[in-house]
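Student: Structure for the following, please:
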Amino acid sequence: MIVWIVFIAFVLIFLALDLGVFHKNDHVIKSKEAGIWTAIWVTIAFSFSGVIYWLFNSGLIDNPTGLTPNNAVLKYITGYLIELSLSVDNIFVIAVIFSSFKIPPLYQHRVLFWGILGAIVFRALMIFFGVALITKFEWIIYIFGIFLLYTAFKMLKGDENDFDPKNSFVFKQIKKIYPITTSMHGHDFFVKKIGVNAATPLFIALIVIELTDILFALDSIPAILAITTDPFIVFTSNILAILGLRSMYFLISRMLEKFRYINYSLVVILAFVGLKMLFSHYLELPEWVSIVVISVALASGVLSSVFIKERD
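Tutor: Numbering: from 1, shown residues only. Next comes the predicted model:
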């Protein structure tokens, strides 16, 4: 448990520094700053693979699935790449939410910061129950596999492009139970008007982002569980990818239209992981195969978007 406590403490300390020091004053995150922070988080995430090797080599962490240090590192990197790649679709939805609720760029970092805290808690719970389910009921892995294939099919059809936050069930229910103001009041989530407390668009955007992240976790958590059911590897790879999501949003949200073929990359990744789950008891692929498939799928999507000219 000491290892878990140290890792969670590291995450909480950095988040405290993030809001209390690095982003104490609200400001628009420019591409250069976002690029620097994205590089920092990616470097931290890949450097953590050395910690994974050390922990599994020294026996300082429980090893319920009997992984060798090298295999643990490969599974961690694969899990991180899966979560990072699936985050691209999450970034598109976040951009739609900010646009729908007219959240100024000045306050977007603050919303994403609190969204990250909620995401860490919810994903920790989902990982815990997901690992417990697969460990206790092995057949659950087939349900996860079918679900991922269905998600890939829906993404291929483009059904998710019709998402409208203001017509969502969540927004309509919030309006029924709590007053909502349509005007911004600085970076406040709540404001008192004529003696009545009301939620600002910042709070509504936060809640919608939080709940959509839970929906995205329904894809990403089973996808990582297809790689490994070791709880520490699943948790750390997932959380480190989420921590880098904010800076990645500010880096590539303005370029999403250019990466018009990236959704096909995500379809390939989800389909591959879903099939891997379905055939997990009959076929065991080396971890480097998963890394190659994910890397090639992402690179193909990016390069296709850059070099294939868009039709009028």
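Student: Could you list the buried residues of the helix or strand bottoming out on mean pLDDT in the chain?
Tutor: The weakest-scoring helix or strand in the chain, judged by mean pLDDT, DSSP states H and E, is helix 169-177 (a mean of 73). Within helix 169-177, the residues that count as buried by 16 or more other C-beta atoms under 10 Å are Phe171, Ile174. Where you see a C-beta, it was placed from the backbone N, CA and C, and this is true even at glycine.
Student: counting contacts, what elements does that helix pack onto?
Tutor: helix 201-225 (3 or more C-beta pairs under 8 Å, 6 or more residues apart in numbering; DSSP states H and E).
Student: Taking helix 201-225 as reference, get the angle to the helix or strand following the helix it packs on.
Tutor: Sequence order places helix 231-243 as the next helix or strand after helix 201-225, per DSSP states H and E. Here helix 231-243 runs at an angle of 140 degrees relative to helix 201-225 (axes from the mean of the first three to the mean of the last three C-alpha atoms, to 10 degrees).
Student: now the angle from the helix or strand following helix 231-243 to helix 201-225?
Tutor: Toward the C-terminus, helix 231-243 is succeeded by helix 245-252 as the next helix or strand (DSSP H and E). Calculated by the same axes, to 10 degrees, helix 245-252 forms an angle of 100 degrees with helix 201-225.
Student: Packing partners of helix 245-252?
Tutor: Helix 245-252 packs on helix 31-58, helix 69-100, helix 105-136, going by 3+ C-beta pairs under 8 Å, 6+ apart.
Student: rewinding a little: can you give the distance from the least confident helix or strand of the chain to the centre of its chain?
Tutor: 25 Å (C-alpha atoms, centre = their mean, to the nearest Å).
Student: If I take it and helix 201-225, what angle do their directions form?
Tutor: Angle, helix 169-177 to helix 201-225, by the same axes, to 10 degrees: 140 degrees.
Student: how about low-confidence regions in the chain?
Tutor: 19-24, 89, 134-135, 137-138, 158-170, 219, 254-258, 280-281, 287, 310-312 (pLDDT under 70).
Student: quick revisit: let me know which of the helices and strands packed on helix 245-252 is tucked in deepest.
Tutor: Neighbour counts (mean count of other C-beta atoms under 10 Å) averaged over each of the helices and strands packed on helix 245-252 peak at helix 69-100, with a mean of 21.
Student: Just give the nearest non-adjacent residue to Tyr264, would you?
Tutor: Gly301 (5.8 Å; C-beta to C-beta, 6 or more residues apart in numbering).
Student: In contact with that neighbour, which residues?
Tutor: Phe259, Tyr261, Ile262, Asn263, Tyr264, Ser265, Leu266 (C-beta atoms under 8 Å, 6 or more residues apart in numbering).
Student: circling back to that earlier point, show the subsequent helix or strand relative to the least confident helix or strand of the chain.
Tutor: strand 190-193.
Student: Centroid-wise, who is the farthest residue in this protein?
Tutor: Ile194 (39.2 Å; C-alpha atoms, centre = their mean).
Student: Dump the one helix or strand Ile8 maps to to PDB, keeping only the CA atoms.
Tutor: In the assignment (DSSP H and E), Ile8 maps to helix 2-17. Below are the C-alpha coordinates for helix 2-17, written out as PDB (Å, rounded to 0.1, in the frame of the first residue of the first chain):
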ATOM      1  CA  ILE A   2       3.000   2.300   0.600                       C
ATOM      2  CA  VAL A   3       3.700   2.400  -3.200                       C
ATOM      3  CA  TRP A   4       0.100   3.300  -3.900                       C
ATOM      4  CA  ILE A   5       0.000   6.000  -1.300                       C
ATOM      5  CA  VAL A   6       3.300   7.500  -2.600                       C
ATOM      6  CA  PHE A   7       2.000   7.600  -6.200                       C
ATOM      7  CA  ILE A   8      -1.400   9.200  -5.300                       C
ATOM      8  CA  ALA A   9       0.500  11.700  -3.100                       C
ATOM      9  CA  PHE A  10       2.700  12.600  -6.000                       C
ATOM     10  CA  VAL A  11      -0.400  13.200  -8.200                       C
ATOM     11  CA  LEU A  12      -2.200  15.300  -5.500                       C
ATOM     12  CA  ILE A  13       1.000  17.400  -4.800                       C
ATOM     13  CA  PHE A  14       1.500  18.200  -8.500                       C
ATOM     14  CA  LEU A  15      -2.200  19.100  -9.000                       C
ATOM     15  CA  ALA A  16      -1.900  21.500  -6.000                       C
ATOM     16  CA  LEU A  17       1.200  23.100  -7.500                       C
END
